[in-house]
Each structure stands twice: as C-alpha cells, then as structure tokens.
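S.K.: Quick one: sequence plus predicted model below, questions after.
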Amino acid sequence: MQNSNSSSTGSKKSWILVCGAGFVLIVAVLSICLGAVSISLPQLWKSLLSGPDNTAAARILWYSRLPRTAAQLLAGAGLSGAGGG
C-alpha cells in the first residue's frame, strides 16, 4: 500500500527537476547571447546551424562563448556530482 504523501513528494521532486533544467537552459542561452557583442537568437541559431563561418558573430560563438558555456556546465555538473553544490 502506497502512502499518498510519497506520490506527491515524487511529483514535487520531478517538478523541481524540470524547473531546474529549464532554468539552466535559459541561463546557458543568456550566457551565449550576452557579452560585449550581443548575439540575437536568430543569429545564434543561424551560426549554430551553419558552423564557424566568416561572420564575427559565428566566430565569437564557436571560439569563445560555446566553449566557455560548456566548461561552466561541466564544472557545475562535476561539483553537483561530487556533492559540492
């Protein structure tokens, strides 16, 4: 027999996990788009799909902002997995 509190607790944990993942995604996109040179969302998608071409926005995205954001996400995941976060 399952307690009604345990099912609501599982649902609450799932909801928190989904909200947290959404927040991380939004912050990662903001990290990529904002900086000394702003990159709009259409420019971001165009640069992601076309690869590192000759435009300044694509070079900034591929050689600076994507590696920085990936490193930040990996560091956060590592700290979380180690119990430091």
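M.R.: All right, it came through fine. Small disclaimer: the values here were computed from a predicted structure and weren't measured. Numbers count the residues shown, from 1 in each chain.

S.K.: residue boundaries of the helices in this structure?
M.R.: Assigned by DSSP state H, the helices in the chain fall at 4-33, 41-50, 56-60, 66-82.

S.K.: Mean neighbour count, the ones you listed: which tops it?
M.R.: helix 56-60 (a mean of 16; mean count of other Cβ atoms under 10 Å). Any C-beta I mention is one placed from the backbone N, CA and C, and that applies to glycine too.

S.K.: Mean pLDDT added to the helices of the chain, as JSON lines?
M.R.: Putting those into JSON lines (pLDDT from 0 to 100) gives the following:
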{"stretch": "helix 4-33", "mean pLDDT": "87"}
{"stretch": "helix 41-50", "mean pLDDT": "91"}
{"stretch": "helix 56-60", "mean pLDDT": "91"}
{"stretch": "helix 66-82", "mean pLDDT": "94"}
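
S.K.: Tell me how many other residues surround N54.
M.R.: 6 (other Cβ atoms under 10 Å).

S.K.: likewise G51?
M.R.: 8.

S.K.: That one is in contact with A58, isn't it?
M.R.: Yes: between G51 and A58 a contact is recorded at 7.5 Å, counting by Cβ atoms under 8 Å.

S.K.: what about the residue nearest to S40 when sequence neighbours are not counted, distance to A82?
M.R.: Nearest residue to S40, sequence neighbours excluded (Cβ to Cβ, 6 or more residues apart in numbering): C33, at 7.2 Å. Between C33 and A82 the computed distance is 30 Å (Cβ to Cβ, to the nearest Å).

S.K.: now swap in K13 and tell me
M.R.: Counting by Cβ to Cβ, the separation of K13 from A82 is 21 Å.

S.K.: How about A21?
M.R.: 19 Å.

S.K.: Could you find the closest non-adjacent residue to R68?
M.R.: R68's closest residue in space is S31 (Cβ to Cβ, 6+ apart), at 7.4 Å.

S.K.: Contacts only, for the one you found.
M.R.: 65, 68-69, 72 (Cβ atoms under 8 Å, 6 or more residues apart in numbering).

S.K.: Fine by me, thanks again.
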